[in-house]
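In: Provided below for reference: sequence and predicted model.
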Amino acid sequence: MIERIEHQSTKILATVGPASSSYETLLELVKAGVDVFRLNFSHGTHQDHEEVMNRITYINEKYNLHIGILADLQGPKLRVGEIENNGIELKKGQTIKFTNELCVGTKEKVYMSYKKFASDVKVGEKVLIDDGKLMLEVLETNKKDLVKLKVLFGGILSSRKGVNLPNTKISLPSLTEKDEKDLEYILTQPSVNWIALSFVRSAKDMKDLAKRVKAKNHPAKLMAKIEKPEAIEKLDKIIKASNAIMVARGDLGIEVPIEKLPLLQKMIIKKCIQRARPVVVATHMLDSMITAPIPTRAEITDVANAVLDGADAVMLSGETSVGQHPVKVVEAMNNIIEEAEKEYVLFPRPTPSKKSRTFLSDAVCFNAAKVAEDIKAKAIMGMTSSGYTAFKVSSYRPKCKIYIFSDQDSMLATLNLVWGVQGFYYDKFTTTDETIDDVTSILVQNEHLKTGDIIVNTGSMPLNKRHRTNMLKVSVVE
């Protein structure tokens, strides 16, 4: 067994990079509390990612764990090209041209990677560069390959900086050529549990991705990253078409007025909980710890607020991928989560919709959470192959542990992202009573339960038919 911190309800998603890709560091991060590792396909080669996946798989097998893997597609990230001397100063009021023709950028002209930039932008629209540090305005466009802009807020423009177009309806597909190649590779990797799509603008983006994944018969669940104003406008449909949502605050905070970000985060989390979709809060959570050994007071408050908002998981990006203290960052985040969860209460709890085709099962899961609270149960236990029971019970945020059993290792790793869920492998499904006795014994042997503990069991009867959840049983550990 591995010495791992006590399991918290809110999960930790950590990005792997040069600072954390070694086997030794990955293992230390798991010990510190990482539940899912994120592989950012904006960086690194397929071979780099495969080596990391193999190490995570080895850790899971050696220590009987279910650490998840999320593959994050880059999406249509817009960038300027190379800049002379890796930096030019843009002064307020000056004009500059963006071109589709490859060139080294100067104060007069800069290469823009987005081929349809000139045809998509309109006069008066804003162009933000380097996370909004520089702001330009479109003066004119030839609708073909050249755009003239005026500098509103200047600064140093260096090579390969990202570009955001908050006012522009871009015509790029959500899956770029690079994404298609990355996806083709990802779908050959059975250890990938989640696939995240960047810059989602509509439910169609997620449905198209789902078709590609289904065609390859891959079990990965799909996560939509909310980073565009269009995604906010179509949020309900995107949530419905996705298995999970990420509040990607980096680009979202540039694309929408930044003061709207806190309430947007709360609104997205609330909608996801109502729909039983796991939701991740990401970007700049403990950003100062890329270099500093301790977080700022504001960052501590930010992480705690994400927990109190009800997020399933909080994510680390540069802090663990390129930071100086990856393990310390996870330890700090885990401590913040532990403290915040002492006060976390979901109120009001979402109620099952009578219009839902799964209403009967939803009602059983809802009442499992309610009964568990009323009788002060130690845990809710369930069996799943699709993950449905785990997603649904978790969405009601019960005040007790959620122990889920499945005969699919990949599903258990997938559920490691879901609030409050702790998964166990089990493949001896016989009669309902025998199975409940069996899994209870497993939890007692692993010191998760003890004699006298009250537990709430959910399941389907008859068990061997593997239908949707239709049973609730209260029992006492003997």
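Out: Here it is on my side, so go on.

In: can you map out the strands along the stretch 101-250 of the chain?
Out: Taking DSSP state E, counting those that start in this stretch as the test, the strands found in the stretch 101-250 of the chain are 109-111, 126-129, 134-141, 146-153, 155-157, 162-164, 194-197, 221-226, 244-248.

In: once you drop chain neighbours, what's closest to residue 202?
Out: Sequence neighbours aside, residue 234 is the residue nearest to residue 202 in space, at 5.4 Å (criterion: C-beta to C-beta, 6 or more residues apart in numbering). C-beta here means a position set from N, CA and C on the backbone, and glycine is covered the same way.

In: ugh, wrong one, I meant residue 392
Out: Excluding its sequence neighbours, the residue lying closest to residue 392 (C-beta to C-beta, 6+ apart) is residue 365, at 4.1 Å.

In: look up how far residue 168 lies from that neighbour.
Out: Counting by C-beta to C-beta, to the nearest Å, the gap between residue 365 and residue 168 amounts to 43 Å.

In: who's more crowded, the two?
Out: When residue 365 and residue 168 are compared on other C-beta atoms under 10 Å, the one with more neighbours turns out to be residue 365, at 28 against 17.

In: where does that one sit, in terms of helix or strand?
Out: Using DSSP states H and E, residue 365 sits in helix 359-374.

In: elements contacting the helix or strand that comes right after that helix?
Out: Taking DSSP H and E as the definition, the helix or strand that follows helix 359-374 towards the C-terminus is strand 379-383. Using 3 or more C-beta pairs under 8 Å, 6 or more residues apart in numbering; DSSP states H and E as the contact test, the elements touching strand 379-383 are helix 359-374, helix 388-395, strand 401-406, helix 432-445, strand 454-459.

In: next one: the first one to chain centre, how far?
Out: Spelled out, it's helix 359-374. If you compare the mean C-alpha spot of helix 359-374 with that of the full chain, they lie 26 Å apart, counting by C-alpha atoms, centre = their mean, to the nearest Å.

In: how many other residues sit next to residue 381?
Out: The burial count for residue 381: 30, using other C-beta under 10 Å.

In: i'd like the first residue to be 46 from this point on
Out: Sure thing, new numbering starts at 46, so read that last one as residue 426.

In: so what's it up against?
Out: By C-beta atoms under 8 Å, 6 or more residues apart in numbering, the contact set of residue 426 is 448, 449, 450, 481, 484, 485, 488, 500, 501, 502, 503.

In: any of those buried? List them.
Out: Taking 16 or more other C-beta atoms under 10 Å as the criterion, what is buried in the contacts of residue 426 is 448, 449, 450, 481, 484, 485, 488, 500, 501, 502, 503.

In: hang on, the earlier thing: what packs against the helix holding residue 410?
Out: Applying 3+ C-beta pairs under 8 Å, 6+ apart, we find helix 404-419 packed against strand 424-428, helix 433-440, strand 499-504, strand 516-521.

In: residue 96: which of the ones you listed is closest?
Out: Nearest to residue 96, of all the helices and strands packed on helix 404-419, is helix 433-440, at 30.1 Å by C-beta to C-beta.
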